[in-house]
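Asker: Mind folding the following:
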Amino acid sequence: MQFVGTFLSTLFMLTIFPPIADMPASSQKVSSPSKAFPYPAADAHPGPAWFVDIAPQAGLRMENVNGGVDTKKYIIETTGGGVAIFDYDNDGWPDIFLVNGTTLDAAKQRKQQPTSHLFHNSHDGTFTDVTRAAGLEFTGWGQGACAGDYDNDGFDDLYVTYYGKNRLYHNQRNGTYKEVATSAGIAGDGKAWGSGCAFVDYDRDGKLDLMVANYVSFDIKTSPKPGEGLLCIWKGTPVMCGPRGLPSTPNILYHNLGRGKFEDVSKSSGIEKTYGHYCLSVSTLDYDDDGWPDIYVACDSTPSILYHNLKNGTFADVAAEVGVAFDEDGREQAGMGSTVGDYDNDGQPDIFKTNFSDDTSSLYHNNGDGTFSSAISEAGLRLNTRFLGWGTMFLDVDNDGRLDIFSVNGHVYPEVDTAHLGSSYKEPRLLYWNSGDGKFKDISEQCGPGCFEPRSSRGLAVADFWNDGRLSVAVNNMNDESMLLVNEARSQNHWLGVITRGTKSNRDGIGAKVMVVANDHKYEQEVRSGSSYISNNDMRLHFGLGSSAVIGRIEVRWPNGDTETFPGGAADRFITLLEGRGQNAETAHRIRKED
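Answerer: Numbering: from 1, shown residues only. I've put the predicted structure just below:
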């Protein structure tokens, strides 16, 4: 399809990030500030990572409000909020949206009600709160967020899930948003509890559809209080109840009809046919490499879900049969966050999932034949069972070409501190450094104060905020200020940032599979909305390249199934891949064969 009314916005993006098919290598670098990059790396900090929280001086200030502080009477007070990173004004610099909640105690509500916040990247290491100017002030039990250009007008829109009606903020292309969820048909019935979400073009028609996970069916009037029943006691201590014992709500899939309208196809698509309930994070991936996007959902206290795309508008939950529903002993886990990445560079997307305390995380290795194997033990990741994990991401902290794992933690029961139950309500963050050969090394105690200062964290999202090749981490903390963790450890390794721009496919290129070839090494990633724990990362792809200073070529399989090859060039820059401007698969194959 051809997009109408996007010429000016597309021209603007190509000015900042020119397509590599048109420009010489020396012209493909992203524009950078005239002065040095903020928060520079230094040799004094030990590698591979030294994270420092710079949120206060960067102006990223939002006090998260989610029910009580010292006790949580109901489960609605425990799940917290996500983080969405996207470039809302198309200036080439990622911005940050932090989801906020509220409180059940009306007597303690403040004159100024808590709202979610949008922070504009000022390019100099600071952020400006533009929430009110952007029209995003709203108070409620905010949960997750995901971004995507659902109408292909050249500007990313924002979907925010709530306990209650969800909200779709349409980007007005002038720095403001208009809330249109009801008119678009994706607000919900007001009774469901939305959690994770992701934009995904599941039928490959060039329009982004929307997947929304739902948690429990919660009614404060009928919900039991702490200690009222066996499911409201943990290690002998009365605690808030759920999710077990509470009714669940089916997940929702909305099909994009065009012209700003969606249709609920949850029943007809098979999305409701699953054994997994109490769902949280949503991560899209093409796990069987058939060119059609599948959907992985982490579920709390029930089997996780893998919706296999049957290419005819329907899905089947195959999580149990392909090996990603349970742990390696066949037990259900309390899944929270999930991330997808090719951690061993074999060309297949793997899955990492965070779980409740007194349990291991999950690492599912893609076998390349449509099945997965549990690799949590072989990877050396069974040690930290005392933490309760939430947001998590595969990321390359030192650009060595191997994906590492960053996770945030925090308990749901504040009572664990006073009752001395073997856990802490505020917990450190975890960094697992990929040492190669399918193994990871826990360097959490050597990765800086940003790692080990305890918080009760929930949402996490990752971006290269200053376009200098270093990935930073934004964290939303329960009843606390947010964090922005910058890696100040110097690395001599090279990197490449890739922006996909669809023309026949959706404008963001969500669902595109990109392979970068450098010095006979192949690195593959997919463009996705959502993921982590009810959050949304910068959709620009970041490739660590190790010692490779030159890229040989870049291959793209677009969301509609077309494949193209783009020429390489120098590393350490951002480049834009514009659909239709590369060489088609047949021509590229002939050229590689001749080479």
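Asker: Surely Met478 is in contact with Val65?
Answerer: No. In this structure Met478 lies outside contact range of Val65 using Cβ atoms under 8 Å: 9.4 Å. Where C-beta positions appear, they are placed from N, C-alpha and C, glycine not excepted.
Asker: the more surrounded of these two?
Answerer: Using other Cβ atoms under 10 Å, the more surrounded residue of Met478 and Val65 is Met478, with 27 against 23.
Asker: Roughly how far does that one sit from Leu118?
Answerer: As judged by Cβ to Cβ, to the nearest Å, Met478 and Leu118 stand 20 Å apart.
Asker: now the stretch 101-250 of the chain, which segments are flagged as low pLDDT?
Answerer: Across the stretch 101-250 of the chain, the ranges flagged by pLDDT under 70 are 106-111.
Asker: got the residue ranges for the helices in it?
Answerer: 131-134, 181-184 (DSSP state H, counting those that start in this stretch).
Asker: Need those helices in CSV (columns: mean neighbour count).
Answerer: As requested, those are exported to CSV (neighbours: other Cβ atoms under 10 Å):
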stretch, mean neighbour count
helix 131-134, 16
helix 181-184, 17
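Asker: Dump the ones you listed to TSV, plus distance to Asp289.
Answerer: Below are those laid out as TSV (distance: least, Cβ to Cβ, whole Å):
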stretch	distance to Asp289
helix 131-134	39
helix 181-184	32
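Asker: Which one of the ones you listed lies nearest to Phe574?
Answerer: Distance to Phe574, taken as Cβ to Cβ, is lowest for helix 131-134 among the helices of the stretch 101-250 of the chain, at 24.7 Å.
Asker: who touches that closest one?
Answerer: Contact partners of helix 131-134, identified using Cβ atoms under 8 Å, 6 or more residues apart in numbering, comprise 88, 115-118, 137, 175-177.
Asker: mind running it again at 10 Å?
Answerer: Contacts to helix 131-134, defined as Cβ atoms under 10 Å, 6 or more residues apart in numbering, come from residues 62, 88-89, 95, 97-98, 100, 115-120, 137-138, 158, 169, 171-172, 174-177.
Asker: wouldn't Val130 be in contact with Gly59 here?
Answerer: No. Taking contacts as Cβ atoms under 10 Å, Val130 lies outside contact range of Gly59: 11.1 Å.
Asker: Can you check which residues contact both of the two?
Answerer: Common contact partners of Val130 and Gly59 (Cβ under 10 Å, 6+ apart): 119-120.
Asker: isn't Arg540 right up against Arg528?
Answerer: No. Using Cβ under 10 Å, Arg540 is not in contact with Arg528; the gap is 11.7 Å.
Asker: Comparing these two, which residue is more hemmed in?
Answerer: Arg528 (27 against 22).
Asker: pLDDT wise, what is the more buried one at?
Answerer: Here, the pLDDT recorded for Arg528 equals 98.
Asker: Can you give me every residue that contacts it?
Answerer: Applying Cβ under 10 Å, 6+ apart to Arg528 gives the contacts 146, 148, 198-200, 282-285, 293, 339-340, 349, 508, 510-512, 536-537, 539, 541.
Asker: And it, how close does it get to Gln143?
Answerer: Counting by Cβ to Cβ, the gap from Arg528 to Gln143 is 19 Å.
Asker: for Ser269, same thing?
Answerer: 23 Å.
Asker: Excluding sequence neighbours, find me the nearest residue to Val473.
Answerer: Leu485 (4.3 Å; Cβ to Cβ, 6 or more residues apart in numbering).
Asker: Would you list the strands that the host helix or strand of the one you found pairs with, along with their directions?
Answerer: If you go by DSSP states H and E, Leu485 is part of strand 483-487. Paired strands of strand 483-487, with direction, are strand 51-53 (antiparallel), strand 472-477 (antiparallel) (DSSP bridges).
Asker: which other helices and strands contact the helix or strand that that strand is followed by?
Answerer: Per DSSP H and E, the first helix or strand lying C-terminal to strand 483-487 is strand 494-501. If you count contacts as 3 or more Cβ pairs under 10 Å, 6 or more residues apart in numbering; DSSP states H and E, strand 494-501 packs onto helix 7-16, strand 513-518, strand 541-546, strand 550-557, strand 563-570, strand 574-578.
Asker: Out of the ones you listed, flag the one nearest Gly81.
Answerer: Across the helices and strands packed on strand 494-501, closest to Gly81 is strand 541-546 (Cβ to Cβ), at 24.2 Å.
Asker: re the thing from before, more neighbours: which of Ser269 and Gln143?
Answerer: Gln143 (30 against 24).
Asker: returning to that earlier point: looking at it, the residue nearest to Val473 is touching Gly391, isn't it?
Answerer: No. Leu485 is beyond contact range of Gly391, at 11.8 Å (criterion: Cβ under 10 Å).
Asker: what touches both of these two?
Answerer: With Cβ under 10 Å, 6+ apart as the test, Leu485 and Gly391 both reach 406, 408, 429, 460, 462, 473-475.
Asker: which among those gets closest to His45?
Answerer: Val473 (15.8 Å).
Asker: can you list the weak-confidence ranges in the stretch 401-550 of the chain?
Answerer: For the stretch 401-550 of the chain, no range has pLDDT under 70.
Asker: follow-up on the earlier one: so which of the strands paired with strand 483-487 has the densest surroundings on average?
Answerer: Comparing these by mean neighbour count (mean count of other Cβ atoms under 10 Å), strand 472-477 ranks first with a mean of 28.
Asker: got the CA positions of it in PDB?
Answerer: What follows is strand 472-477 as a C-alpha-only set of coordinates in PDB (Å, rounded to 0.1, in the frame of the first residue of the first chain):
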ATOM      1  CA  SER A 472      20.800   3.100  28.600                       C
ATOM      2  CA  VAL A 473      18.000   1.700  30.700                       C
ATOM      3  CA  ALA A 474      14.800   3.500  31.900                       C
ATOM      4  CA  VAL A 475      13.100   2.000  34.900                       C
ATOM      5  CA  ASN A 476       9.700   2.600  36.500                       C
ATOM      6  CA  ASN A 477       9.800   1.900  40.300                       C
END
